[in-house]
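> Sequence unavailable; structure follows:
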């Protein structure tokens, strides 16, 4: 499974990579913001995306809207500190499939990844 | 400063440190900051805009910051490396992002973090915004949250919210 991590923090990408590795996912590409992610999706063709919200150059919400203009089905999990209900609703309207609030435990991230992939496969 | 802007940071740092570092945080008596000098050697800084404007600083002694980063990333990092700054930035991002969710009824955005490493540096805030320092004690050493925020004027908030949208 090809997974794209979009987060401006290398620390956070490494934490997510570690959780994904424990789940057996090793085919991982990284992007440091929305623009970087858009430049990589063509060649990498991700099957799951984990996307931060607050990033320089292009934020996660803008990226999700651009991505969804061409791809309605590939699951996206927003992983962010933005925990207000209004933000969650905004993200879901933009096309996010699931939502993880930072800080998170590895168990919570694992659970959200598994449930998101199960729903996508159903 | 309105206490409604202080309490969320106390809850947030305890939540972030407990979840990501498995580290309890004991909160000590808040005080008003005098002068511009940062409390300690390493500062992670986040700006707030929208209905509330100003800045948040997480300030650490170098040794404490190095211990916390080692817990966070799982390895020791020198304080002059980009990865060290990235980890400090992510900590202040999580503490600020979680705290703003506690500002009931306020539409607030946070900036991407900046990090300063080096003793005796200054962090300037608006002269009309008092800075409240919350000293925190952990098993890795002292951390200070410096909160210099205030409610925006209606015109400034409308302008900021329009830019965010």
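Nice, thanks for sending it over. Quick caveat, the model's predicted, so the values are computed rather than measured.
> Report the central residue of chain A.
Note on chain A: the residue nearest the mean C-alpha position is residue A:50, at 1.4 Å, using C-alpha atoms, centre = their mean.
> That one touches residue A:12, doesn't it?
No - contact criterion C-beta atoms under 8 Å: residue A:50 and residue A:12 do not qualify, at 9.4 Å. For glycine as for every other residue, the C-beta is placed from the backbone atoms N, C-alpha and C.
> buried ones in stretch A:33-47?
Within stretch A:33-47, the residues that count as buried by 16 or more other C-beta atoms under 10 Å in any protein chain shown are A:33-38, A:40-41, A:44, A:46-47.
> Could you save the residues you listed as a markdown table and add columns showing pLDDT?
Output for the buried residues of stretch A:33-47, formatted as a markdown table (pLDDT from 0 to 100):
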| residue | pLDDT |
| --- | --- |
| A:33 | 98 |
| A:34 | 98 |
| A:35 | 98 |
| A:36 | 98 |
| A:37 | 98 |
| A:38 | 98 |
| A:40 | 98 |
| A:41 | 97 |
| A:44 | 97 |
| A:46 | 98 |
| A:47 | 97 |
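> What score does the residue in chain A that chain B sits nearest to have for pLDDT?
With C-beta to the nearest C-beta as the measure, residue A:81 is the residue of chain A nearest to chain B, at 2.4 Å. On pLDDT, residue A:81 comes in at 95.
> do residue A:21 as well
94.
> what's whichever strand or helix holds it packed up against?
Element membership of residue A:21 [criterion: DSSP states H and E] is helix A:10-22. Helix A:10-22 sits against strand A:2-6, strand A:27-31, helix A:106-121, helix B:62-73, helix B:82-100, with contacts defined as 3 or more C-beta pairs under 8 Å, 6 or more residues apart in numbering or on different chains; DSSP states H and E.
> and the first one, how far from the chain's centre?
If I follow you right, that is strand A:2-6. Taking the mean of its C-alpha atoms, strand A:2-6 sits 7 Å from the chain's own mean (C-alpha atoms, centre = their mean, to the nearest Å).
> Report the beta-bridge partner residues of the residue nearest to the centre of chain A.
residue A:5, residue A:77 (DSSP bridges).
> What residues does it make contact with?
With contact set as C-beta atoms under 8 Å, 6 or more residues apart in numbering or on different chains, residue A:50 has these partners: A:3-7, A:16, A:76-77, A:79, A:113.
> can the biggest strand by length in chain B be found next to chain A?
The single longest strand within chain B, with elements called by DSSP state E, is strand B:141-151. No - looking at strand B:141-151 against chain A by C-beta under 8 Å from any C-beta of the partner chain, there are no contacts, and the closest approach is 15.4 Å.
> Now do that strand against helix B:82-100, angle only.
50 degrees (axes from the mean of the first three to the mean of the last three C-alpha atoms, to 10 degrees).
> partners of strand B:141-151, with directions?
Here strand B:141-151 is paired, per DSSP bridges, with strand B:52-60 (antiparallel), strand B:132-138 (antiparallel).
> average pLDDT across that strand?
pLDDT averaged over strand B:141-151 gives 95.
> which residues are in contact with it?
Under the contact criterion C-beta under 8 Å, 6+ apart, strand B:141-151 has outside partners B:1-2, B:5-6, B:9, B:13, B:25, B:33, B:38-40, B:48, B:51-61, B:63-64, B:67-68, B:95, B:123, B:125-126, B:128-136.
> quick one on the thing from earlier: shared neighbours, residue A:50 and residue A:12?
residue A:79.
> quick one, phi/psi of the nearest residue to residue A:108 once chain neighbours are set aside?
In space, and not counting its chain neighbours, residue A:108 is closest to residue A:100: 6.5 Å by C-beta to C-beta, 6 or more residues apart in numbering or on different chains. When quoted as degrees, to the nearest 10, the phi and psi of residue A:100 stand at phi -120, psi 130.
> could the strands paired with strand B:141-151 be laid out in CSV, adding mean neighbour count?
What follows is the strands paired with strand B:141-151, written out as CSV (neighbours: other C-beta atoms under 10 Å in any protein chain shown):
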stretch, mean neighbour count
strand B:52-60, 24
strand B:132-138, 18
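> wait, which of these is closest to residue A:119?
With C-beta to C-beta as the measure, strand B:52-60 is the member of those nearest residue A:119 (36.3 Å).
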